[in-house]
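> The following block contains a protein sequence and its predicted model.
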Amino acid sequence: NYDNLYAAAVARSEADWYIGLNATRALTTRFNAQLNCGRVQTPTVAIIAAREDEIKNFKPQTYYGIEAQTDSLKLTWQDVNGNSRSFNKEKIDAIVKALGNQDAKIASVDRKPKKSFAPGLYDLTELQRDANKLFGYSAKETLNIMQKLYESHKVLTYPRTDSRYLSSDIVGTLPERLKACGIGEYRTFANKILTKPIKANKSFVDDSKVSDHHAIIPTEGYVNFSAFN
């Protein structure tokens with residue numbers, strides 16, 4: 001069951017050696033400068049550079065659209081293809097002129113029940129983004145806090161994950177993890193969830209979307225706030 005994981009680890013290790021070591025030496029020697037090359041770093045930098053070129057070469061264009069505001073709602077014009085913007089001012093002016101001051105009439109209303117799931121579980125990037133938005137933490141500050149919760153306090157799973165899903169073998173441990181979280185102001189929420197069995201919904205449990213580490217979740221360890229600083 002672990003042969004593929006082993007092979008993937010060997011491939012990464014050898015790629016780091018062949019590409020990272022040799023290409024870095026070649027670039028540094030060729031251009032007489034300290035230039036780094038790596039299987040992850042170099043493609044990532046290339047994506048950033050390409051995006052920067054797109055931004056520099058971007059030429060803004062004025063577009064036009066039609067909106068009508070009523071007491072209770074805002075209506076937005078769309079063409080037959082569903083586009084609400086047009087670069088053709090004459091076309092938009094002609095439509096506005098044709099409509100004049102006519103009254104709008106709602107011809108039909110479609111009502112459909114929809115089911116929405118809770119937001120996805122956290123990976124490192126999403127947690128850093130929300131920590132910055134809510135508390136003003138930098139990405140480094142957030143990672144340092146998570147690393148301490150993981151290594152020192154044992155109340156958080158591996159923080160450097162890029163997955164937002166759990167593997168199926170974790171589902172059975174969720175009740176104990178919720179019990180560990182059920183302290184203070186969170187007790188009511190945890191107890192309410194624990195009144196029913198936890199279903200392994202595809203919105204958060206998917207083995208195919210978990211690589212080395214699953215999403216960031218609490219462990220079964222109980223929090224000792226007096227140990228925090």
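Perfect, I can see it now.
> give me every residue that touches the spatially most central residue of the chain.
In the chain, the centroid-proximal residue (CA atoms, centre = their mean) is Glu126; its distance is 5.0 Å. The contact partners of Glu126, taken as CB atoms under 8 Å, 6 or more residues apart in numbering, are Gly120, Arg164. For glycine as for every other residue, the C-beta is placed from the backbone atoms N, C-alpha and C.
> Could you measure from it over to Gln102?
To Gln102, Glu126 is 47 Å away according to CB to CB, to the nearest Å.
> Report the rounded mean pLDDT for stretch 165-182.
For stretch 165-182, mean pLDDT rounds to 93.
> Let me fix that, I meant to ask about stretch 43-55.
Average pLDDT, stretch 43-55: 95.
> how far does that stretch sit from the chain's center?
Distance of stretch 43-55 from the chain centroid (CA atoms, centre = their mean, to the nearest Å) equals 20 Å.
> okay, it in CSV with CA atoms only?
Output in CSV follows, covering the C-alpha atoms of stretch 43-55 (Å, rounded to 0.1, in the frame of the first residue of the first chain):
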residue,chain,number,x,y,z
PRO,A,43,8.2,26.9,-12.1
THR,A,44,6.7,29.0,-9.3
VAL,A,45,8.9,32.0,-10.1
ALA,A,46,8.1,31.5,-13.8
ILE,A,47,4.4,31.7,-13.1
ILE,A,48,4.9,34.9,-11.0
ALA,A,49,7.1,36.4,-13.7
ALA,A,50,4.5,35.6,-16.5
ARG,A,51,1.8,37.2,-14.4
GLU,A,52,3.9,40.3,-13.8
ASP,A,53,4.4,40.6,-17.6
GLU,A,54,0.7,40.4,-18.1
ILE,A,55,0.1,43.2,-15.6
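> where does this protein dip in pLDDT?
Along the chain, the model assigns pLDDT under 70 to residues 229.
> longest helix anywhere in it?
The longest helix of the chain (DSSP state H) is helix 41-57.
> which other residues reach that one?
The contact list for helix 41-57 (CB under 8 Å, 6+ apart) reads Ile19, Ala23.
> Which positions in the next helix or strand after it come out as buried?
Next in sequence after helix 41-57, counting helices and strands by DSSP states H and E, comes strand 67-69. Buried residues in strand 67-69, counting neighbours by 16 or more other CB atoms under 10 Å, are absent.
> which other helices and strands contact the helix or strand following strand 67-69?
Toward the C-terminus, strand 67-69 is succeeded by strand 74-76 as the next helix or strand (DSSP H and E). Counting contacts by 3 or more CB pairs under 8 Å, 6 or more residues apart in numbering; DSSP states H and E, strand 74-76 packs against strand 67-69.
> In contact with Ala190: list those residues for me.
Leu178, Lys179, Cys181, Gly182.
> The third one: how many residues sit nearby?
Using other CB atoms under 10 Å, the number of residues around Cys181 comes to 20.
> how close does it sit to Ile193?
10 Å.
> For Tyr6, give its distance to Asp212.
Taken as CB to CB, the span from Tyr6 to Asp212 is 12 Å.
> Between these two, which has more neighbouring residues?
For the pair Tyr6 and Asp212, the greater number of neighbours falls to Asp212 (12 against 9), based on other CB under 10 Å.
> quick one: Ser108 and Ile95, what's the gap?
As judged by CB to CB, Ser108 and Ile95 stand 22 Å apart.
> for Lys179, same thing?
61 Å.
> And the helices in this structure, which stretches?
Per DSSP H, the chain has helices spanning 3-15, 22-31, 41-57, 89-99, 124-135, 139-151, 174-181, 187-194. These are given in chain order.
> gap between the fourth one and the chain center?
Pointing back at helix 89-99 there. Counting by CA atoms, centre = their mean, helix 89-99 comes out at 41 Å from the chain centroid.
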